[in-house]
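K.L.:
A structural model of the following input is requested.
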Amino acid sequence: METGRKSNCELVNTYEALEHIMGINGLHPHSLSTIEQLHTKVINHTKNKKGIILDIGCGSAHGTYNLRQLLPEDVSIIGIDINNTAIDKASKKFSEQENVSFFIGTLEEFYESHKPERIIGIISISVSMFIYSTRSFYQTANKILEDGGIFIDAPFVFKSESNNLTEQFKNKTYQVCGCNMTMHTTNELKGFMNHANFKNVICNENEFELMNLSTLFQDYSPTYLFTEFINNVRKPPAPLENNSSWYLFRRTLSIFSFFLLNRSKFGATEIIGIK
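P.N.:
This next block holds a predicted model:
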């Protein structure tokens, strides 16, 4: 297992900090119902199969754990993330759980060290746009999966009908997030999936959920969020140890205000391929 890695993305780090500030385990830009629907598709496809499911970008792994609870005993799950702080947190919390383990690194690094493993499913939610090359990520996913295995990717995208977006706007998006993020259109991702030799590729573009406050309040009560915020804002989590709480507010307002004001230009895609 590789150690010493962490995310260099302000958007990712902001979500990790907000997990603590808002008292939410596994805070995610997608709604709980969206995540549950994606988990159900993995479960249905891998029914009666034995092997391993990979959860890419698992973070503190609450989603990983929830998925494992719905799987049969002969299916294990491995959470993969480059952030060693998140993996350390996940390992401590779920170390006693059977058939749940973690790997610090990228999917490519996992593939190099686990080639003989029987991988029957890979799920990647809000991750691939932070990977250097989505095209190579899809190719690695195809190589590591066994025949008939399922790959689900659910990233944010530039809306397909907005192909005339200027490079300046795209660069502004990446600049606001403070990382080397790359978004694509749904059609581009479908092309990458086909190029990686996946079969039965299905795409479904949905509403952008990043700043959908009505969705957030459906998942968590306003009273709970407010109470936890007041209780925890005085105790900054590890990502903010060298910064004030004001830093979190400033970064959060900057990132989410930008996406809220431009939400019509973004979407959330679900793309599924079978090897």
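
K.L.:
Now Phe130. Nearest residue, chain neighbours left out?
P.N.:
Closest residue to Phe130 apart from its sequence neighbours, by Cβ to Cβ, 6 or more residues apart in numbering: Met181 at 5.5 Å. For glycine as for every other residue, the C-beta is placed from the backbone atoms N, C-alpha and C.

K.L.:
Run a quick neighbour tally on the one you found.
P.N.:
For Met181, the count of nearby residues is 20 (other Cβ atoms under 10 Å).

K.L.:
ok, and what's touching stretch 141-151?
P.N.:
Residues from elsewhere that reach stretch 141-151 (Cβ atoms under 8 Å, 6 or more residues apart in numbering): 41-42, 45-46, 51, 54, 107, 110-111, 114-115, 117-122, 124, 138, 193, 196-198, 272-275.

K.L.:
Show the buried residues in those residues.
P.N.:
Neighbour-count burial (16 or more other Cβ atoms under 10 Å) applied to the contacts of stretch 141-151 gives 41-42, 45-46, 51, 54, 107, 110-111, 117, 119-122, 124, 138, 193, 196, 198, 272-273, 275.

K.L.:
Contacts only, for Asp55.
P.N.:
61, 63-64, 67, 77-80, 123.

K.L.:
in terms of contact, does Phe110 touch Ile56 like I think?
P.N.:
No: counting by Cβ atoms under 8 Å, Phe110 does not reach Ile56; the two are 9.0 Å apart.

K.L.:
Which residue ranges of this structure form strands?
P.N.:
51-56, 75-81, 100-104, 119-125, 145-154, 156-158, 199-207, 266-274 (DSSP state E).

K.L.:
Run the chain-centre distance for the last one.
P.N.:
Its chain's C-alpha centre lies 12 Å from the corresponding centre of strand 266-274 when counted by Cα atoms, centre = their mean, to the nearest Å.

K.L.:
Contacts for that strand next, please.
P.N.:
By Cβ under 8 Å, 6+ apart, the list of residues contacting strand 266-274 reads 30, 34, 38, 41, 45, 138, 142, 148-160, 183, 186, 189-190, 193, 196, 198-210, 259.

K.L.:
Then stretch 108-124?
P.N.:
So stretch 108-124 is in contact with 2, 38-39, 42, 45-46, 49-57, 67, 75, 78, 80, 103, 107, 136-137, 140-141, 143-146, 148-155, going by Cβ under 8 Å, 6+ apart.

K.L.:
Could you pick out the buried ones from those?
P.N.:
38-39, 42, 45-46, 49, 51-57, 67, 75, 78, 80, 103, 107, 137, 140-141, 144-145, 149-155.

K.L.:
coming back round to it: name the nearest of the contacts of Asp55 relative to Ile255.
P.N.:
The nearest member of the contacts of Asp55 to Ile255, counting by Cβ to Cβ, is Gly63 at 21.3 Å.

K.L.:
and Ser60, how far is that from Gln139?
P.N.:
28 Å (Cβ to Cβ, to the nearest Å).

K.L.:
Which of these two has more residues huddled nearby?
P.N.:
For Ser60 versus Gln139, neighbours defined as other Cβ under 10 Å are more numerous around Ser60 (25 against 18).

K.L.:
so the more buried one makes contact with Asn83?
P.N.:
No: contact criterion Cβ under 8 Å: Ser60 and Asn83 do not qualify, at 9.2 Å.

K.L.:
report the longest helix in the protein, please.
P.N.:
The longest helix of the chain (DSSP state H) is helix 245-261.

K.L.:
Who are the packing partners of that one?
P.N.:
When contacts are defined as 3 or more Cβ pairs under 8 Å, 6 or more residues apart in numbering; DSSP states H and E, helix 245-261 sits against helix 10-21, helix 167-177.

K.L.:
Compare the mean pLDDT across these and name the weakest.
P.N.:
Mean pLDDT is lowest for helix 10-21 among the helices and strands packed on helix 245-261, at a mean of 60.
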